[in-house]
Every structure is written in structure tokens, then in C-alpha cells.
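[1] This is a predicted model, with the sequence first.
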Amino acid sequence: MKNFIFLLMLVAGCYLGAQQNQGELSFTRGVNHGIQGTFYGGVAIGDFDEDGLLDIVTIGAIKQVMTPIPFTLVIESNLHINNGDRTWSASTPFQHLAAYAGGRPIVTDFNNDGHLDVFISGFFESYNENPENFKSFLYLGNGDGTFIESEVIFPWASFYTDAFGLDFDSDGNTDLVFIWVDPNDRGKTKIKLARNNGDGTFTEVISNLPNLSGEHYFGTAFADIDGNGYPDIFYGGFGPTRLFLNYGSGNFEEVINPVLTGGGQLIPFPQVGFVTYAVGDINGDGLPDFVLSHDGDQTLFYANNGDNSFSLLQQFNWTSDTIFLHDFDGDGYDEFYAEAANNDGDGRLFLNDGGTFSLNNALLLEQVSGGSAIAADFDGDGDDDLFYMGKHPETDFAEAEIYFSNLIMGTSDQGENKLSVRVYPNPTSGVLYLESDMRLESFELYALTGAQVSKGALHENRISLENLPAGVYILKVHDGKKVFTQKVIKK
């Protein structure tokens, strides 16, 4: 399994038409889906009511009013429950509304009770630089789509706070990383690490990560570059991008010159102002590669050399505030999404041609700004779909769109395409057994966050869950043409 952490920061939305074909990859637009979009916020997914279907959390602004000056934002946070028919039903289970700056929801089981929780941060009530308006909240899930607000207090909140969820100490619990402008030390952007104690409480970890010199940072990404099991960190803005290798316990080491030139010289990443990053596998070698797009009108693609250095693969002479990588067609090479690509205002989904991208091999996307996007198998048919949301450039209202991939047709609940499989025992303490009239070929197992935790061929129609923690998972079984999906429980 690829050991990447995708951080979808202000990723703009996409429009692929009712259905467009580019090779074998095409999408069908969802209609009347019931999802309230936002902008200047974020999106996350998970199975919050534990029915085997992916639900969607959106937070941020739903419209922008230009008077009084400078502007007013109408802010909402919503949970959208998947109805199983490519539609969602919205609810508002979160007491506090978020957020303009850094309002990305983080979804995981923070307290290890088997139910998904939601963490949100950003400013609340009004948009100004009063530190009292910047908050972070943790909502503990009950497993039925409802939540209880945690009493845990997070002191790291200020203007331009951002937060990320990742297991920085590799103990199996999702920790929090705060990128934080200290209101008492204006002009210094700091990184704070909060270790999850395993019960939904957190302890600050003192690290040797340096402060950023600027008042606002503009880019952060995480991936295990050196393969030691700990996620490393890229961050920067108004200076060169910096790479710090994570050795655990708050101990980091900077790679001073991480870029290998064609002449064999090691140099820093370029000096930039505003910057955004994406990590993924561009060239299909299983290593996390790196994309950097900055306000110097460059988007740069770097291949991981496997020795903590990167080589430039290609570049475009335009910039995009919102980018991400994802393998939509399952060939091992990630596709590349960019908002406002090619300086013409339009977004694009670039199909990966053996490790390179070109404008001639891209799906044209409609403009949406200040939004977010995420990829997952929302309809359970075995291929990954695209959800996006953002502000319409003409109306200043939020829009949300979902596009279902046509790559794999036939689901576990569509008439003659139905694949019948008996899964037992469920719940299980270790091994699942499968029975079917069809020859089963392979399986995939997903956590409720959508992360793949296991996959393989089915030789004896048995799947071991012995090395997985207790919890609820989504099982997908394939016979070569059809797919069967079911929720399974590890005791």
C-alpha cells in the first residue's frame, strides 16, 4: 500500500460535463445529490452511521456578501449521510461553525472506541484577528451520525491556524499537527505537535522544527520520504520549500539541498512566495513524488530518487493555488488536478501518460475558486469518484458537484450485475471466510475514513484481519467483472 498522506488544501472544484471520455476514464455527473457545498473551508469523508457507505463532512462559507466592506461570509458545517442511491441527506450535528482560515475537517477514530470522530479548527462568529474568535473543537462520534463535543481544549488557535491529522509517532493513533501564528509572537509561524494519548486527549510534543520567518505560511504536505515509517514534512512560503525528515519523538532533520540537478549538483527547492503542494506517485515506482506550484508562474513535478533527493521531471509555466494527485484509473500512475491551469482560468484533470502530463491529455474543468476536492468510491462500484465544491466565480455562492467514474460498471446492488457473497463470521476476531457461486479473484479492505488497509488475491476464499486493530471496515470482493461490498467488524 502506498504510504502517502494527501492533504487537500483549498482544492478547487471540477466540472467534467455530463459524460466525457478520455481513453477508458470517463465520469458521469451526479444530479440532485443533496450535498451543500462550501468554500474557504474543507471536506472530509467517512462512514459515520456505519452502514458501509461513505458520508461527507463539509465546512466553510456558503456565500459571500460584498457589503459591508471588505465582505461578510455566511458559514455552515454539515454532515451529509449517504443514502446508497447516489444521493445524500444533510444534517447539522456540529454546534460550532467553521471556518475561513484553516477550516479543514479531520476525520478518524481519535478515542479508539470504534466510531469516527471529527476535528475542526478555524475562526468562528466573525472574521477579524481577535484570538478569541479562533477555536478548535473535537466531536466524538456515536456511530449513528450523531456526536458529543469533547471537553479537550486546544490552545493553538490564532489567525491563520491550520491543522492536520497524521500519526507522526507511528503508534497507531492519529495525532494533530498545528501550523500556528503565535498571537503573542507576531510574525512567527510555528509548528506544534499534539500526540494522541489513545483516548481522545492530547499531549504536546516538543520538537526541534524551526519557526517560519513569515507571518503566514502557505504550504504543507506530509509523506514518508525516507521509508522509516514516520511521516516527513514539507512546508514553506516566502522562501524555499523545506523538507524535514521525521525520526520520531519530535526529532526532525532538515534535508538542506534536496533537489538533484541534471549535472549531479544538489540544490534547494526554488525560492517562492505563495505555494501549494501535492504528493503522490507520478512515475509508478511506489515512491512518494512531489509537486510544487508557486506564484512565480511555475508548476514543478519532482520524482523521488529514493535517497532523500528529488529530480525535476517536468514543469508547466503557470501556477495553480489548488492541486492534488490521485490514481483514478488504477494503473499505478497518479492523475493530476489543477485549478486555473494554463493561465486560462479553467481547471483541468491531467491524465498520466507513463509519468508525464500534457494539455493534450487533460479533461477540461469549469472554474470554481476557494474550494476543496476529494476522491473516493462514493457509490461502492469499485472505482474512485470525484467530489468537489467551491465558490462560483459569478454568483459568489458555494456549489458542490460529484462525478461518478465509469471505469468499473456493475455494483453489488444493481440487478443482473449483482455479485452474491456470504461473509462469515462477522464480527470476527481474526479470519473472514467467503462463499460464492462465482470464482472470487481479489479483495480490498478499507477503513471508514476511506484509506485502504489491505488487499490481495483470493486463493482460498479467506481474509486475515489478525494484524488489524478492532473496528469497522469496508470489504470489497471482485470476481473480475463485478464487485461485492459489505461492512465487516473486527472484534
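    Done, it's in. Keep in mind that this is a model prediction, so the values were computed, not measured.
[2] List the beta-bridge partners for A400.
    M389 (DSSP bridges).
[3] From V472, how far off is it?
    Separation of A400 from V472 (CB to CB, to the nearest Å) stands at 26 Å. Every C-beta, even on glycine, is put in place using the N, C-alpha and C of the backbone.
[4] Over to D329?
    From D329 to V472 the distance is 28 Å (CB to CB).
[5] before we move on, what about V65?
    Counting by CB to CB, the gap from V65 to V472 is 42 Å.
[6] more crowded one of these two?
    V472 (19 against 11; other CB atoms under 10 Å).
[7] So what's the gap between the helix or strand where that one lies and the chain middle?
    V472 belongs to strand 471-478 when assigned by DSSP states H and E. Here strand 471-478 shows a centroid-to-chain-centroid distance of 20 Å under the convention CA atoms, centre = their mean, to the nearest Å.
[8] buried ones in the following helix or strand past that strand?
    Using DSSP H and E, the helix or strand that follows strand 471-478 towards the C-terminus is strand 483-490. By neighbour count on 16 or more other CB atoms under 10 Å, the buried set for strand 483-490 is 483-488, 490.
[9] Give me the distance between the two termini of stretch 437-456.
    20 Å (CA to CA, to the nearest Å).
[10] Use 702 as the first number for this chain going forward.
    Taking 702 as the first residue, the last one we looked at is stretch 1138-1157.
[11] buried stuff in that stretch?
    Those would be 1141, 1144-1151, 1154-1155, for stretch 1138-1157 by 16+ other CB under 10 Å.
[12] And for it, what's in contact with it?
    The contact list for stretch 1138-1157 (CB atoms under 8 Å, 6 or more residues apart in numbering) reads 702, 746-749, 751, 755, 808-810, 817, 1077-1078, 1120-1122, 1135, 1158-1159, 1162, 1164, 1166, 1169, 1172-1181, 1183, 1189.
[13] can you pull out the strands in the stretch 702-851 of the chain?
    According to DSSP state E, counting those that start in this stretch, the stretch 702-851 of the chain carries its strands in the segments 705-706, 720-723, 726-730, 740-747, 756-766, 773-783, 789-792, 807-809, 818-824, 835-842, 848-850.
[14] Quick check: the gap between N1006 and G928.
    The gap separating N1006 from G928 is 12 Å, by CB to CB.
[15] Hmm, I typed the wrong one, I wanted K1092.
    K1092 is 39 Å from G928, where distance means CB to CB.
[16] Settle it for me: which of those two has more neighbours?
    Using other CB under 10 Å as the criterion, K1092 and G928 rank with K1092 on top: 26 against 13.
[17] hang on, that one packs against G1071?
    Yes: taking contacts as CB atoms under 8 Å, K1092 lies within contact range of G1071: 4.9 Å.
[18] joint contacts of those two?
    Listed as contacting both K1092 and G1071 by CB under 8 Å, 6+ apart are 740-741.
[19] just checking, D1030 touches S727?
    No: at 10.1 Å, D1030 does not count as touching S727 under the criterion of CB under 8 Å.
[20] Show me the common contact partners of the two, please.
    L1108.
[21] Quick one: list the elements packing against the strand holding V1173.
    Judged by 3 or more CB pairs under 8 Å, 6 or more residues apart in numbering; DSSP states H and E, the packing partners of strand 1172-1179 are strand 1143-1148, strand 1184-1191.
[22] which residues sit against that strand?
    Contacts of strand 1172-1179 (CB under 8 Å, 6+ apart): 748, 751, 753, 810, 815, 1078, 1081, 1083, 1120, 1122, 1124, 1133, 1135, 1137, 1141-1149, 1154, 1159, 1164, 1166, 1184-1191.
[23] Buried among the contacts of stretch 1138-1157? Make that a PyMOL selection.
    Buried subset of the contacts of stretch 1138-1157, written as a PyMOL selection, criterion 16+ other CB under 10 Å:
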select buried, resi 746+747+748+749+751+755+808+809+810+817+1077+1078+1120+1122+1135+1159+1162+1164+1166+1172+1173+1174+1175+1176+1177+1178+1179+1180+1183+1189
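[24] Output the below-cut-off pLDDT ranges for the protein.
    702-725, 768-772, 797-804, 823-835, 857-862, 884, 887-888, 913-919, 1109-1119 (pLDDT under 70).
[25] Can you list the residue ranges for strands in the stretch 1002-1151 of the chain?
    1011-1017, 1024-1027, 1036-1039, 1048-1051, 1063-1066, 1070-1077, 1086-1092, 1099-1106, 1123-1125, 1132-1136, 1143-1148.
[26] So which of these is nearest D883?
    strand 1070-1077 (25.9 Å; CB to CB).
[27] Adjacent strands (with direction) for that closest one?
    strand 1086-1092 (antiparallel).
[28] Mind listing residues that contact the partner strand?
    With CB under 8 Å, 6+ apart as the criterion, strand 1086-1092 contacts 712-715, 717, 728, 736, 738-741, 744, 757, 759, 762, 765, 1029, 1050, 1069-1080, 1098-1106.
[29] Just the buried ones from these?
    When the contacts of strand 1086-1092 are checked against 16+ other CB under 10 Å, the ones flagged as buried are 712-715, 717, 728, 736, 738-741, 744, 757, 759, 762, 765, 1029, 1050, 1069-1080, 1099-1106.
[30] number of nearby residues for K836?
    19.
[31] That one pairs with what?
    Bridge pairing for K836 (DSSP bridges) gives the partners G823.
[32] Tally up the residues packed near I807, please.
    22.
[33] which residues touch it?
    For I807, the contact set (CB under 8 Å, 6+ apart) comprises 745, 819-821, 864-866, 875, 877.
[34] residue farthest from the centroid of the protein?
    Taking CA atoms, centre = their mean, the residue of the chain most remote from its mean C-alpha position is D1138, at 37.3 Å.
[35] can I assume I1164 is in contact with V1132?
    Yes: shown here, I1164 and V1132 form a contact pair, counting by CB under 8 Å, at 7.0 Å.
[36] hang on, the earlier thing: quick one: which two of the buried residues of stretch 1138-1157 are the most distant?
    Taking CB to CB, no two of the buried residues of stretch 1138-1157 sit farther apart than L1141 and T1150, at 25.5 Å.
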